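A.B. asks: need a structure here:
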Amino acid sequence: MFFSIIIPLYNRPQEIDELLHSLLSQTYKHFEVIVVEDGSTADAEEIVEGYKDRLDVRYYQKPNEGQGFARNYGFVRAHGDFFIVFDSDIIVPVDYLEKVIFGLQRDKWDAFGGPDAAHESFTPIQKAISYSMTSPFTTGGIRGNKKHVGQFNPRSFNMGISRIVWEKTGGFRLARRSEDIEFSLRMIAQGFKVGLIPEAFVYHKRRTSFAQFYKQTNFFGKGRIDIYKLFPKELKPVHALPAVFVLGLISLLLLNALNYIVSGQITFLHVLTSIGNSLISLYVVLLFIHACWQTKSLQVGLLSVAAAFTQLVAYGSGFIEQYIQEVLIEKK
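C.D. replies: The predicted structure follows:
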C-alpha cells in the first residue's frame, strides 16, 4: 500500500520541520509527503526543500482559503492508494504507518482516525493541554478512544481516507471550523466504513499557552453548533455538557456572592452554596489526582486543572454564544 501524507501549513515553519524530521524514521517507507502552504506570510519552502534528498516530499503554495481546502488541493495531487491528513503541530511515532496498515487490514476501514498523546519533549503546559484533551474528566473522554460516545468521527489532526472515499465525496466542503466532522458525517452517510485505529496515535503539541488553547477550544464550541445546523440529529446531550458547566460556574459565583452579602441569614441559600462548592472542590481534587497519576508529574497535574477549566469554559462559552446567535436569534 502506498500512502500520501497531506499536510496543510499556515505560518508554522518550525512545526513542519519537526514533523518532517519525525517522518524520516518511519519503519514503513512506501509513502510520499505533500505540504500545502495555505497563503502563509512566513513560508517553509526552504525547510521543506532541505528534506527532498531524504523524503519523497513535494511543496506547493496557494492563496489562503483555510485548511479544509488546502487538504483538497493536496488530494488532487496525491498518488497514494490511501491519503493521511496531519496537522502541522504533530510528531509521528516511528511505527505509525505499520499500525495503520494493521488496523486497516483488521477492521477494513474506508476512513479512520487515530488518537493523540503527549511527547516527552513537550512543555509542561503542552502536556497539561494534551491531558485535558484526552481526559475522562473533560470532553476529551469522548474523543479518540474505544468508549467514544456514538459514531466515531475522525479529526483532521490524524485522519486517513482511501482514494475511493476522496473520489466519491469530493473531500472537504468547509474551509475551517468543524470541517473534519462535517466530512466524517458525509462519508458515513454515503455508506463508507469509518472508525478508530486506537494504536495509530500521534504526538499532538496543540497550543503553547492557555490563551491560545482558550481561543482554539472556543472555536470548537462554536463549530459544534455549525454542525448542528447542517446535521440536526448529530447534536447530543453530551455536547452541551461544557455549556452546562459554564452556567453552573456562573450560578455558583452568584450564589457565593449573594450568600456573602446576606451573611448566611438564608439557610437554604447557605446549604445550596455549600453543596455547589463541595461538588466543584471534589471535581478539582479528582481531576488533580488523575492528572498526576496519568502524567507522573505534580507540576503537570496542577497545570492540568487549569487546562481542564480553560477547555470547558472556552468550549462551553463558544457553544452558548453560537447557539444564541445562529439558532435563537435566527429563529426570531
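A.B. asks: Please make it C-alpha for all contacts and neighbour counts, starting now.
C.D. replies: Fine.
A.B. asks: mind showing which ranges of this protein have poor pLDDT?
C.D. replies: Residues of the chain that meet the criterion pLDDT under 70 lie in 140-150, 264, 331-332.
A.B. asks: can we see that at 50?
C.D. replies: The model of the chain has pLDDT under 50 over residues 142, 144.
A.B. asks: May I ask you to name the longest helix in it?
C.D. replies: The residue-count maximum for a helix in the chain (DSSP state H) belongs to helix 267-295.
A.B. asks: Which elements pack onto that helix?
C.D. replies: Using 3 or more Cα pairs under 8 Å, 6 or more residues apart in numbering; DSSP states H and E as the contact test, the elements touching helix 267-295 are helix 124-134, helix 241-262, helix 298-323.
A.B. asks: tell me the angle that helix makes with helix 241-262.
C.D. replies: Angle between the axes of helix 267-295 and helix 241-262 is 130 degrees (criterion: axes from the mean of the first three to the mean of the last three Cα atoms, to 10 degrees).
A.B. asks: Nearest to residue 103, out of the helices and strands packed on helix 267-295?
C.D. replies: helix 124-134 (20.9 Å; Cα to Cα).
A.B. asks: which other residues reach that closest one?
C.D. replies: Outside of helix 124-134, the residues within contact range by Cα atoms under 8 Å, 6 or more residues apart in numbering are 116-119, 138-141, 143-144, 204-210, 213, 291, 295, 299-301, 303-304, 307-308, 311.
A.B. asks: helices or strands up against whichever helix or strand comes after it?
C.D. replies: Per DSSP states H and E, the first helix or strand lying C-terminal to helix 124-134 is strand 158-162. Judged by 3+ Cα pairs under 8 Å, 6+ apart, strand 158-162 is in contact with strand 82-86, strand 111-113.
A.B. asks: Pick the most deeply packed of those.
C.D. replies: Counting by mean count of other Cα atoms under 10 Å, strand 111-113 has the highest mean neighbour count of these, with a mean of 28.
A.B. asks: Packing partners of that strand?
C.D. replies: Contact here means 3+ Cα pairs under 8 Å, 6+ apart; on that basis strand 111-113 packs against strand 158-162, strand 194-196.
A.B. asks: Mind putting these into JSON lines with mean neighbour count and distance to residue 28?
C.D. replies: Converted to JSON lines, the helices and strands packed on strand 111-113 look like this (neighbours: other Cα atoms under 10 Å; distance: least, Cα to Cα, whole Å):
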{"stretch": "strand 158-162", "mean neighbour count": "23", "distance to residue 28": "16"}
{"stretch": "strand 194-196", "mean neighbour count": "24", "distance to residue 28": "20"}
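A.B. asks: can you put those in CSV and add distance to residue 274?
C.D. replies: Putting the helices and strands packed on strand 111-113 into CSV (distance: least, Cα to Cα, whole Å) gives the following:
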stretch, distance to residue 274
strand 158-162, 43
strand 194-196, 42
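A.B. asks: related to what we said a few turns ago, could you export the helices and strands packed on strand 158-162 as JSON lines, including distance to residue 57?
C.D. replies: JSON lines is the format used below for those (distance: least, Cα to Cα, whole Å):
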{"stretch": "strand 82-86", "distance to residue 57": "14"}
{"stretch": "strand 111-113", "distance to residue 57": "23"}
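A.B. asks: just the helices and strands packed on helix 267-295: most buried one?
C.D. replies: Most buried of the helices and strands packed on helix 267-295 by mean neighbour count (mean count of other Cα under 10 Å) is helix 124-134; its value is a mean of 25.
A.B. asks: relative to helix 298-323, how tilted is it?
C.D. replies: Orientation check (the same axes, to 10 degrees): helix 124-134 against helix 298-323 gives 50 degrees.
A.B. asks: Check the offset of helix 124-134 from the chain's centre.
C.D. replies: Here helix 124-134 is found 12 Å from its chain centre; the criterion is Cα atoms, centre = their mean, to the nearest Å.
A.B. asks: Ok, stretch 206-219 next?
C.D. replies: 11 Å.
A.B. asks: can you list contacts of it?
C.D. replies: 89-90, 123, 125-126, 129-130, 177, 307, 310-311, 314-319.
A.B. asks: Could you measure from residue 324 over to residue 55?
C.D. replies: Distance of residue 324 to residue 55, given as Cα to Cα, to the nearest Å: 48 Å.
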